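[1] predicted model, plus sequence, below.
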Amino acid sequence: MLSNRLDRYSFVVDRKANKIEIRKAVESRYNVSVESVNTMIVPAKTKTRMTKTGVLRGSKPAYKKAIVKLVEGEEIDFFGDL
């Protein structure tokens, strides 16, 4: 939805990566110009499920997500050669 309307793309990135590193990586990988980068750390979530043997409890790990806004008129074509 972000990519269709607002020229924004979301990526899961390394927790130690900063905005400058993310910008350089996207520009070199996809050959586009990046206008801005917003980052967020999605917290870990606990998950519980019922099984025949009882209740299993676990957790999904936390991760860092980057929202990259491209310069107007540019786009990333992920599925171009399919």
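    Noted; the coordinates are in hand. Numbers count the residues shown, from 1 in each chain.

[2] average model confidence for the strand or helix carrying residue 58?
    In the assignment (DSSP states H and E), residue 58 maps to strand 54-60. On average, the pLDDT along strand 54-60 is 94.

[3] check which helices and strands the helix or strand just after it sits against.
    Going down the chain from strand 54-60, the next helix or strand is strand 63-70, by DSSP H and E. If contacts are counted by 3 or more CB pairs under 8 Å, 6 or more residues apart in numbering; DSSP states H and E, strand 63-70 sits against strand 8-13, helix 19-30, strand 34-42. Quick note: C-beta positions are derived from backbone N, CA and C, even for glycine.

[4] possible to save these as JSON lines with mean neighbour count and mean pLDDT?
    Formatted as JSON lines, the helices and strands packed on strand 63-70 follow (neighbours: other CB atoms under 10 Å; pLDDT from 0 to 100):
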{"stretch": "strand 8-13", "mean neighbour count": "16", "mean pLDDT": "94"}
{"stretch": "helix 19-30", "mean neighbour count": "14", "mean pLDDT": "95"}
{"stretch": "strand 34-42", "mean neighbour count": "14", "mean pLDDT": "96"}
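
[5] output the strand holding residue 58 as CSV, nothing but the C-alphas.
    C-alpha atoms of strand 54-60 as CSV (Å, rounded to 0.1, in the frame of the first residue of the first chain):
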residue,chain,number,x,y,z
GLY,A,54,-0.4,-28.7,26.5
VAL,A,55,0.3,-25.1,26.2
LEU,A,56,3.4,-24.0,24.3
ARG,A,57,4.8,-20.6,25.0
GLY,A,58,7.4,-18.8,23.0
SER,A,59,8.2,-15.4,21.6
LYS,A,60,8.9,-13.7,18.2
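
[6] any residues touching that strand, and which ones?
    44, 45, 46, 47, 48, 49, 50 (CB atoms under 8 Å, 6 or more residues apart in numbering).
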